[in-house]
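structure of the sequence below:
(2 chains)
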Amino acid sequence: MSTKQGGLGWLFASPYLLYSIVFFLIPLFWSLFLSFTDWNLIAPTFSFVGIENYVDAVQSEGVQSAFFVTFKFMALFVPLVVAFSLIIAVLVNGLPKFKGLFLIGFFLPYLASGVVSSLIVKGLLSYNSPINEVLRNTFGLDIDWLGTPSGALFVVALIIAWKFSGYYALILTSGFGSIDKGIYEAAMIDGVNGWQRFWKITFPLLYPALFTVLILSIGVTFGIFTEVYQLTGGGPNFATNTWQMEIFTRAFSNLQAGYASAIAIIASIVTFVSIWIIRKLMEMWGKRNGWD
Amino acid sequence: MAGTKKKWVWIRYLIAGVFLLIMIFPYIYMVLNSFADWSQVDKKLIPTDFTLESYAWLFGGGEAVIPRPWLNAFLNSFIVSAASTFLMMVSAIMVAYALAKIPFKGRDTVNNFILFQMFFPAIILLIPTFLVIQKLGMYDSYLGMILPKAMSLWAVFMYTNFFKAIPQTFIEAAKLDGASELQIMFKIVIPMSKSITTVIFLFLFMERWTELLWDMLVAKSDEMLTLNVLLSQMFGPYGGYPGPMYAASVLLTMPILIIFLIFAKKFQEGMQFTLK
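Residues are numbered from 1 along each chain as shown, chains lettered A, B, ... in the order given. Sure, this is the predicted structure:
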């Protein structure tokens, strides 16, 4: 009986085993191997170059920009998406009826392809677009949205925040759902005002949902590709050059497969360590304030 | 008191409604511009003259190499997304069932390895996965786009948690009646997970439908391009033809929007569970 059970378990788990060998373990070691070579993706031959790729990578403008651009995106995107999703969650939570309908509506941006949202934004921000006409003619502002480093960063962060805020609002509203209305009534009797009520009651109770949203949104910043590829190509002058963009360009445009593999390994270490540190800091912050 | 409360409720709906309108404005802008006269595309916030010229250009083949590449690309997107999502669902249910309901030696090891792999930064795999596909002779083919995305660890994780919550007594009772594991899976476990299946299906399909990077690497010939890749290439760096660009965007967005709205109610129910 037990051997039969054992066999059945492994049989059911076999899709995973097969998949992880072909598309995880083999690629993982292949990547490590490549990162010590100068292979160019096409040539039949290559030679070992030791840690040269790694040394070159950390000194290159591409890798250094990817490192900082990711944190710049985080500094822009995370506050934006948290603010948007909180606003949506608070607005929807205040409605006595049709909550579900509104949540579905706010979720729709999540369905957009990054290519589509980028193209729409490109149209909205083109030189003769209605938005720019108004800014130019009424306010005398001539903004080259995607041509300046900070403008391009902001536009990309805004597109991604637009996409995710409805999804994150869903997570936050489930946090609201768990808050007992009696607490508010008790607070009202004690004369607690709106602002105190939010910070002392709503926020701590919302904290677990908010924690999830923060972790998810921080994870998103390490995987930005489509919007940047479509809108800026990583520019102007590396200002929006994310890890994915850098690796894609190096490996598949410049055909430096060995060098790009080294960058990919550096990128995954940076990603892993950064997320781990941020998570620990957030947990400490939450504990110190007694929120969890 | 009751009167003021009622007034406040209307203002709440108004604010939420306006905010919702702002959030979905890009979609409205896209649809309106796809029907707008070409002289008005991207010139007016709300176009006033309408035409079908953009769609005619799109389905007439525009200036592309093969005629009607858009319909072909649409079909490619559908084949790749449907096959990929189907495989992801089936594999996730199988593996999760084993992890949640079949005690076997080494189960904890498999479970831990899945967790490890889930949190492993996937960026490291991009180049070598491309090489694996090349070596398997799947470059520029449907299989090359489908197989590397035939399994979702997130789906395995979600299903495992859900299956674990199904009381063991159901399973034991069915076993006493002589049901096999497969029968239990199909007759009891899968029917019980309808709402979470909707959530997982929608997320996986959406993600696959809007994938750019991988499809762009694997699909090279014009006949193999997915809609998203074709859209990206056609209207990428040089712009031009903004009208057809919006029409193509509508073509890409509508199917996913319709599928989502059909399942919206089930999706919401499922999310309630998912977020617990």
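
what's the span of stretch A:28-46 from first residue to last?
Stretch A:28-46 has an end-to-end distance of 19 Å (Cα to Cα, to the nearest Å).

buried sites along it?
Of all the residues in stretch A:28-46, those buried under the rule 16 or more other Cβ atoms under 10 Å in any protein chain shown are A:Leu28, A:Trp30, A:Ser31, A:Leu34, A:Ser35, A:Phe36, A:Thr37, A:Asp38, A:Trp39, A:Leu41. In short, each C-beta sits where N, CA and C put it, glycine included.

does that stretch reach chain B?
Yes: Stretch A:28-46 is in contact with chain B by Cβ under 8 Å from any Cβ of the partner chain, via A:Leu28, A:Trp30, A:Ser31, A:Leu34.

so how far is chain B from the residue nearest the centre of chain A?
Nearest to the mean C-alpha position of chain A, counting by Cα atoms, centre = their mean, stands A:Val220 at 1.4 Å. Distance, A:Val220 to chain B, using Cβ to the nearest Cβ, to the nearest Å: 13 Å.

so what does the host helix or strand of that residue touch, helix or strand wise?
Element membership for A:Val220 (DSSP states H and E) is helix A:203-221. Under the contact criterion of 3 or more Cβ pairs under 8 Å, 6 or more residues apart in numbering or on different chains; DSSP states H and E, helix A:203-221 touches helix A:61-93, helix A:149-177, helix A:257-288.

mind doing that once more with 6 Å?
Packing partners of helix A:203-221 (3 or more Cβ pairs under 6 Å, 6 or more residues apart in numbering or on different chains; DSSP states H and E): helix A:61-93, helix A:149-177.

which residues are contacting the next helix or strand after that helix?
The element immediately downstream of helix A:203-221 (helix or strand, assigned by DSSP H and E) is helix A:226-231. The contact list for helix A:226-231, computed with Cβ atoms under 6 Å, 6 or more residues apart in numbering or on different chains, reads A:Gly114, A:Val115, A:Ser118, A:Val156, A:Ile159, A:Thr240, A:Thr242, A:Met245, B:Leu212.

between the residues you listed, which sits nearest B:Phe74?
Using Cβ to Cβ, A:Val115 is the member of those that lies nearest B:Phe74, at 14.2 Å.

surely that closest one is in contact with B:Met234?
No: using Cβ atoms under 6 Å, A:Val115 is not in contact with B:Met234, being 10.2 Å away.

neighbour-wise, which of those two wins?
Comparing A:Val115 with B:Met234 by neighbour count (other Cβ atoms under 10 Å in any protein chain shown), the higher total belongs to A:Val115, at 27 against 22.

just to revisit the earlier point, looking at the helices and strands packed on helix A:203-221, which is buried most?
Stretch with highest mean neighbour count among the helices and strands packed on helix A:203-221: helix A:149-177 (a mean of 21; mean count of other Cβ atoms under 10 Å in any protein chain shown).

and that one with chain B, contact?
Yes: contact between helix A:149-177 and chain B, assessed by Cβ under 6 Å from any Cβ of the partner chain, occurs at A:Leu170, A:Ile171, A:Ser174.

make TSV from these and add pLDDT to it.
Shown next, in TSV, are those (pLDDT from 0 to 100):
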residue	pLDDT
A:Leu170	91
A:Ile171	90
A:Ser174	82
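
follow-up on the earlier one: tell me the one of the contacts of helix A:226-231 nearest B:Gly17?
Distances from B:Gly17 to the contacts of helix A:226-231, taken as Cβ to Cβ, are shortest for A:Ile159 (23.0 Å).

which pLDDT value does the model give the closest one?
The model reports A:Ile159 with a pLDDT of 95.

I'd say it and A:Ser117 touch.
Yes: with contact defined as Cβ under 6 Å, A:Ile159 reaches A:Ser117; the gap is 5.3 Å.
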